[in-house]
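S.K.: Model the following, please.
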Amino acid sequence: MIDHTLVARHYESFSEGPRLQRSRVRRLEFDTTLHVLQTQLPPRSAVLELGAGHGAYSFRLAQAGYQVTATDLVEVNVEAMKALAAEDSRLDSVEIRQADATNLLDVREAEYDAVLCLGPFYHLRTRELRRRCLLESRRVVRDGGLVAVSYINREFAVNYLLKTGKRVTADQYDSLMEPDDERVDYPDEFFNVAHFSTQDAVESELAACGFKILTHAGTDGVGGFFPETLEGLDEQAYQDFRSYHLKTCTQPSGRGASSHCLVIARKI
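M.R.: Modelled structure (predicted):
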């Protein structure tokens, strides 16, 4: 099992669902992730989401006709999902469980058409834990099924710290480049519970666990660098930018500028 005290403390401080809707940058991340997922997921697929938070993606997919099981390691998130589902009869079909993404004890082999790992991967701070997560995802998805993994772009994260003016020491910079970074003395709380990666590293980890990359997108693009500018656009200007972003988010330059990135791969 994962020692998730720090992760739980982080997510107990805010609601994951509203986080994805409270600003245009987060809305862009949410909309782009759904857009990319739905270009790959066959209709009415059986989908398992690991680390579902408050169920923002799981509930939206369920409303779109997918058969969804939503799980999270953190009990407060599981209870929040159950409470939200109880308020909406359209979500009666969503199965909600507590589960560890690295050890899916109660999930049968090849039970799902797709597994979504949109949160846990970037909280698994060692290669071994990420490998376990990917191998468990591979075990429970059918042959030819899909696995979607979100990660946080290391270059964006480092530049974000520079932008905020928080001091990072030379040895902290060195640690950020390590695939097994478990430091907890960074000047930003999120850095103490997260793993930051690169495009090549994530694709390599997926390939090593028996997956073929299908698509790779930057889900919030340059908006993370210019949130005030994005908020200041009138609605038509924002929609025009959003349309452009959706058309270009899979380009390598778009991924490189994005904070959150998404990889969808097929089990081989």
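S.K.: what residue lies at the spatial centre of the chain?
M.R.: Nearest residue to the geometric centre of the chain (Cα atoms, centre = their mean): Leu118, 2.4 Å.
S.K.: Now do the same contact list for that residue.
M.R.: When the contact criterion is Cβ atoms under 8 Å, 6 or more residues apart in numbering, the partners of Leu118 are 33, 49-52, 57, 148-150, 262. In this view, the C-beta of every residue, glycine as well, is placed from N, C-alpha and C.
S.K.: Now the two most distant members of the residues you listed.
M.R.: Ala52 and Leu262 (15.3 Å; Cβ to Cβ).
S.K.: Where do the strands of the stretch 51-200 of the chain begin and end?
M.R.: Counting by DSSP state E, counting those that start in this stretch, one finds strands in the stretch 51-200 of the chain at the ranges 67-72, 95-98, 112-117, 141-153, 196-197.
S.K.: so can I have CSV of those strands showing distance to Asp171, mean neighbour count and mean pLDDT?
M.R.: Shown next, in CSV, are the strands of the stretch 51-200 of the chain (distance: least, Cβ to Cβ, whole Å; neighbours: other Cβ atoms under 10 Å; pLDDT from 0 to 100):
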stretch, distance to Asp171, mean neighbour count, mean pLDDT
strand 67-72, 33, 25, 98
strand 95-98, 37, 16, 98
strand 112-117, 30, 25, 98
strand 141-153, 21, 21, 98
strand 196-197, 16, 22, 97
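S.K.: wait, which of these is closest to Asp240?
M.R.: strand 141-153 (24.5 Å).
S.K.: Give me the distance from the closest one to the chain's centre.
M.R.: 10 Å (Cα atoms, centre = their mean, to the nearest Å).
S.K.: same deal with stretch 171-184?
M.R.: 21 Å.
S.K.: swap in stretch 261-268?
M.R.: 12 Å.
S.K.: List the buried residues in it.
M.R.: 261-267 (16 or more other Cβ atoms under 10 Å).
S.K.: Kindly list the longest helix within the chain.
M.R.: In the chain, taking DSSP state H as the definition, the longest helix is helix 24-40.
S.K.: So for that helix, what gets flagged as buried?
M.R.: 24-34, 36-37.
S.K.: what do you get for stretch 236-252?
M.R.: Those would be 238, 241-242, 245-246, 249-250, for stretch 236-252 by 16+ other Cβ under 10 Å.
S.K.: Tabulate those residues (JSON lines), appending distance to Ser89, secondary structure and pLDDT.
M.R.: Formatted as JSON lines, the buried residues of stretch 236-252 follow (distance: Cβ to Cβ, whole Å; DSSP: H, G, I helix; E, B strand; the rest coil; pLDDT from 0 to 100):
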{"residue": "Tyr238", "distance to Ser89": "32", "secondary structure": "helix", "pLDDT": "96"}
{"residue": "Phe241", "distance to Ser89": "36", "secondary structure": "helix", "pLDDT": "95"}
{"residue": "Arg242", "distance to Ser89": "31", "secondary structure": "helix", "pLDDT": "96"}
{"residue": "His245", "distance to Ser89": "34", "secondary structure": "helix", "pLDDT": "96"}
{"residue": "Leu246", "distance to Ser89": "31", "secondary structure": "helix", "pLDDT": "96"}
{"residue": "Cys249", "distance to Ser89": "34", "secondary structure": "coil", "pLDDT": "95"}
{"residue": "Thr250", "distance to Ser89": "36", "secondary structure": "coil", "pLDDT": "95"}
